[in-house]
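1. below is the sequence, then the predicted model.
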Amino acid sequence: MRELTGKALASAGVDVSTAESAQLVLSELVGNSVRACGEWVPLVVEVSVMRGAVLVGVHDPDPAGVPRRRAVAMDDAEAESGRGLALVELLTSGWRVARSPVGKQVRCRLDPAPAG
């Protein structure tokens, strides 16, 4: 998934930094879905580019398993998990959960890296 996302975004002209952030965000979202729904969960991953921004979404079949924002510090050495969504928040313009025909979808937007 990461490799395919990278190739698709490169062919769409997305800068390397934004593409790498999108790959990381998708990995976190897919990992969250697998942890919540099980190893063999059917997922749908969407990646698109609109006006330079990268839009990503991961659908899973569990409409009730809504991810929660937790107050885990990124540098908390004692935390064994809980940093993924904090990382998603750092790399994106935000994320939200929406019902979808197959359960739910977690959606994010990544704005292009500033030129410089």
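-> It's in.
2. drop to CA atoms for contacts and neighbour counts, all remaining ones
-> Fine.
3. tell me where the chain has strands.
-> 44-50, 53-60, 95-100, 103-110 (DSSP state E).
4. Serialize those strands to CSV and add fields for distance to Asn32 and mean neighbour count.
-> Listed next are the strands of the chain as CSV, based on distance: least, CA to CA, whole Å; neighbours: other CA atoms under 10 Å:
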stretch, distance to Asn32, mean neighbour count
strand 44-50, 13, 15
strand 53-60, 10, 22
strand 95-100, 13, 15
strand 103-110, 10, 22
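5. worst mean pLDDT among those?
-> Of all those, mean pLDDT reaches its minimum on strand 95-100 (a mean of 88).
6. distance from the chain centre to it, please.
-> 12 Å (CA atoms, centre = their mean, to the nearest Å).
7. over to stretch 35-48?
-> The answer for stretch 35-48 is 11 Å, by CA atoms, centre = their mean.
8. and for stretch 45-64?
-> For stretch 45-64, the distance to the chain centre is 7 Å (CA atoms, centre = their mean).
9. hmm, back to that, of all the strands of the chain, which one is nearest Glu28?
-> strand 53-60 (10.1 Å; CA to CA).
10. the closest one vs strand 95-100, what angle?
-> 50 degrees (axes from the mean of the first three to the mean of the last three CA atoms, to 10 degrees).
11. need the residues that contact strand 53-60.
-> 18, 22, 26, 29-30, 33, 37, 41-49, 100, 102-112 (CA atoms under 8 Å, 6 or more residues apart in numbering).
12. let's have the strands of the chain in a markdown table, adding distance to Ala86.
-> A markdown table is the format used below for these (distance: least, CA to CA, whole Å):
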| stretch | distance to Ala86 |
| --- | --- |
| strand 44-50 | 20 |
| strand 53-60 | 16 |
| strand 95-100 | 11 |
| strand 103-110 | 13 |
